[in-house]
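In: one predicted model, sequence on top.
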Number of protein chains: 2
Amino acid sequence: MAYPHPLIAKFERELTLSVAENQAVSAIAIRPLKFVRNYDLVRKGNRSLHCVMILAGLAGTSKTDGSGKRQTIAFHMSGDMPDLQSLHLDVNDSDVRAISDCTATFIEHSTLRSLCEQYPRIGATLWRDTLVHSSIFREWVVNVGSRPALKRVAHLLCETMKRAQWLGLSDEMTCDFPVTQTDLSDATGLSIVHVNRMLQDLRKRELISFVHGKLTIHNWSDLCSLAGFEDTYLHQPRQSDV
Amino acid sequence: MAYPHPLIAKFERELTLSVAENQAVSAIAIRPLKFVRNYDLVRKGNRSLHCVMILAGLAGTSKTDGSGKRQTIAFHMSGDMPDLQSLHLDVNDSDVRAISDCTATFIEHSTLRSLCEQYPRIGATLWRDTLVHSSIFREWVVNVGSRPALKRVAHLLCETMKRAQWLGLSDEMTCDFPVTQTDLSDATGLSIVHVNRMLQDLRKRELISFVHGKLTIHNWSDLCSLAGFEDTYLHQPRQSDV
DNA sequence: CGCCTGCTTGACCTCGCTCAAGGCCCGTGG
DNA sequence: CCACGGGCCTTGAGCGAGGTCAAGCAGGCG
């Protein structure tokens, strides 16, 4: 593989692996697979025998109601494991869909389970990972439940940038965010038309640029205060803690 | 204690404990404490050294923005552990508040951690518990993000009843739900006035009664189909699986 | 070239919010 | 005992944020 082992990279963001842990994780074979946009990596109602790990591109967890209206619940960037919960929940409660063309890999439940048993620190790190995502869901409830449209869009962009930075996927205040306005509409619970107007508003205020799936934030602190964005819920260790 | 050990009850809903596991859990002393309505059991920004377990009454996880607007993110009934995530997340990202007068107990992180280490099945069960709550958060994003007011309220009531039943806190289709309309407003992202009108609507349709914190659902299947409620996201094992 | 997808704009409408007031119940104090 | 006050629920009236509908435009691709 050209790139370093993605699981090692994931764990090393949180802790320093022992030699034994490193070996055990490295032994997990990663077969990158390509998926076209809109492909369903995980389907609601199915039972999984493996977890997905995103290696490149953007994926999203969503649910669709009877009328076809889709609500996106989370975005997943490279390094994320969108359905890690399937390790302990028998049936999938949401879909995971490739929002852009994606590269991903599947890791067997059995592999992850024995890793957790043998190396408790790794188990704790994976548990923690699901808890961080849980915290992000909580913030999304707040976002769609109580913020007006402009703040709602702004908040989503702040979160995206902060997560991309944390994962080493940003260049200063620019990162990939290959979503259409329809995707943003699904994620914010706003209509497409209104998302469009909110983005224009943010551009007019010279807070962001957003073209061809590239997001740039021109004035981080102003955007944060507009959005009411505070990053504690992302639970990213401070630099000093690492 | 008059009642059976609440942790034993919690675990036994998911699995059959071995003698050793049972002894280890039983050894954990439960000191019930009383809290008046509106008391903050957990405060955002603090670091916890213990987890809360609700023994009686209703609690809620919520976040409050600068302007004082509160968004409730979850309700917790007796047997729930609202801040189990604090076991692996250093700083609290939300408040946990007594919504009615409550009885609760605190369990030291260290106690839970050593339990998880020594008895992996217990660790897995606790992990699973956090994942089920995570799934409920996902559904709440859908609820506040994409359901119109009437469905939104109806869905919340369906969820409440189903969870109460699962926890053995219901009598047929009646259960305690000691919330004010203001609390429902915080949970649904609707105004108090509109919650009031939606409740009246549901009562007029003879789907529910809801007085003095007692909820009765008169027509379960009609309320479910009105709400678009499907219970898979609650991940309650089928009777046959138990 | 023509089509399809995604972005943009304008006009209109509605669901749910805000503001305001009144009623009921209960706890507290005179 | 009654008076008062404070939650909480209820109702009405008006308004506005955001949805819906409709149309045009631009870019990419077969």
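Out: Received it, and whenever you're ready, just let me know what you need. Numbers count the residues shown, from 1 in each chain, chains lettered A, B, ... in the order given.

In: the inter-axis angle of the top helix by length along chain A versus helix B:120-146?
Out: As assigned by DSSP state H, the longest helix anywhere in chain A is helix A:120-146. Between helix A:120-146 and helix B:120-146, the angle comes out at 20 degrees (axes from the mean of the first three to the mean of the last three C-alpha atoms, to 10 degrees).

In: mind listing what's buried in the helix or strand just after helix A:120-146?
Out: Remark: after helix A:120-146, the chain's next helix or strand is helix A:149-166, criterion DSSP states H and E. Within helix A:149-166, the residues scored as buried using 16 or more other C-beta atoms under 10 Å in any protein chain shown are A:149-164, A:166. To be clear about C-beta, it is placed using only N, CA and C from the backbone, and glycine gets the same treatment.

In: check what pLDDT the spatially most central residue of chain A gets.
Out: Centroid-nearest residue in chain A, with C-alpha atoms, centre = their mean: residue A:76, separated by 2.5 Å. Confidence at residue A:76, expressed as pLDDT, is 98.

In: got the contact list for it?
Out: A:54, A:58, A:59, A:60, A:61, A:82, A:96 (C-beta atoms under 8 Å, 6 or more residues apart in numbering or on different chains).

In: go again with 6 Å.
Out: A:54, A:59, A:82 (C-beta atoms under 6 Å, 6 or more residues apart in numbering or on different chains).

In: just checking, the last one touches residue A:96?
Out: Yes - judged on C-beta atoms under 6 Å, residue A:82 makes contact with residue A:96 at a distance of 4.5 Å.

In: that older thread, just the buried residues of helix A:149-166 that are near DNA strand D?
Out: Among these, the residues within reach of DNA strand D (C-beta under 7 Å from any atom of the strand) are A:149, A:150.

In: what residues does chain A put near DNA strand D?
Out: By C-beta under 7 Å from any atom of the strand, the residues of chain A that approach DNA strand D are A:148, A:149, A:150, A:189, A:190, A:191, A:193, A:194.

In: correct me, but the second one touches residue A:199?
Out: No - in this structure residue A:149 lies outside contact range of residue A:199 using C-beta under 6 Å: 10.6 Å.

In: in space, what's closest to the residue in chain A positioned nearest to DNA strand C - neighbours in sequence excluded?
Out: Proximity of chain A to DNA strand C (C-beta to the nearest atom of the strand) peaks at residue A:181, 3.3 Å away. Leaving aside its chain neighbours, residue A:181 sits nearest to residue A:195 (5.0 Å; criterion: C-beta to C-beta, 6 or more residues apart in numbering or on different chains).

In: show me where pLDDT drops low in chain A?
Out: A:1-3, A:238-242 (pLDDT under 70).

In: and it, what are its domain boundaries?
Out: A:6-130, A:147-241 (automatic domain parsing).

In: hang on, the earlier thing: now the contacts of residue A:76 in a markdown table, with distance to chain B, secondary structure and neighbour count?
Out: A markdown table is the format used below for those (distance: C-beta to the nearest C-beta, whole Å; DSSP: H, G, I helix; E, B strand; the rest coil; neighbours: other C-beta atoms under 10 Å in any protein chain shown):
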| residue | distance to chain B | secondary structure | neighbour count |
| --- | --- | --- | --- |
| A:54 | 18 | strand | 24 |
| A:59 | 15 | strand | 27 |
| A:82 | 12 | coil | 24 |
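
In: neighbours of the closest residue to residue A:210 other than its chain neighbours, how many?
Out: Distances taken as C-beta to C-beta, 6+ apart place residue A:199 nearest to residue A:210, at 6.2 Å, with adjacent residues excluded. Using other C-beta atoms under 10 Å in any protein chain shown, residue A:199 has 18 neighbouring residues.

In: what of the one 5 residues further on?
Out: The local packing count at residue A:204 equals 8, with neighbours defined by other C-beta under 10 Å.

In: do you know how far the residue nearest to the centre of chain A is from residue A:98?
Out: According to C-beta to C-beta, to the nearest Å, residue A:76 stands 10 Å off from residue A:98.

In: mutual contacts of these two, please.
Out: With C-beta under 6 Å, 6+ apart, residue A:76 and residue A:98 have common neighbours residue A:59.

In: residue B:71 is in contact with residue A:142, correct?
Out: Yes - under the criterion of C-beta under 6 Å, residue A:142 makes contact with residue B:71 at 4.5 Å.

In: any common contacting residues for the two?
Out: Shared contacts of residue A:142 and residue B:71, counting by C-beta under 6 Å, 6+ apart, come down to residue B:63.

In: what segments of chain A are helices?
Out: Ranges of helices in chain A, per DSSP H, are A:6-12, A:19-26, A:109-118, A:120-146, A:149-166, A:181-188, A:192-204, A:220-227.

In: who in chain A is up against chain B?
Out: Residues of chain A found near chain B (C-beta under 6 Å from any C-beta of the partner chain) are A:63, A:65, A:69, A:71, A:73, A:85, A:88-89, A:93, A:127-128, A:131, A:134-135, A:137-138, A:140-142, A:144-146, A:189, A:228, A:232-233, A:235.

In: looks like residue A:207 contacts residue A:221 (just checking).
Out: No - counting by C-beta under 6 Å, residue A:207 stays clear of residue A:221, with 10.2 Å between them.

In: of those two, which one has the most company?
Out: Higher neighbour count among residue A:207 and residue A:221: residue A:207, with 20 against 9, using other C-beta under 10 Å.
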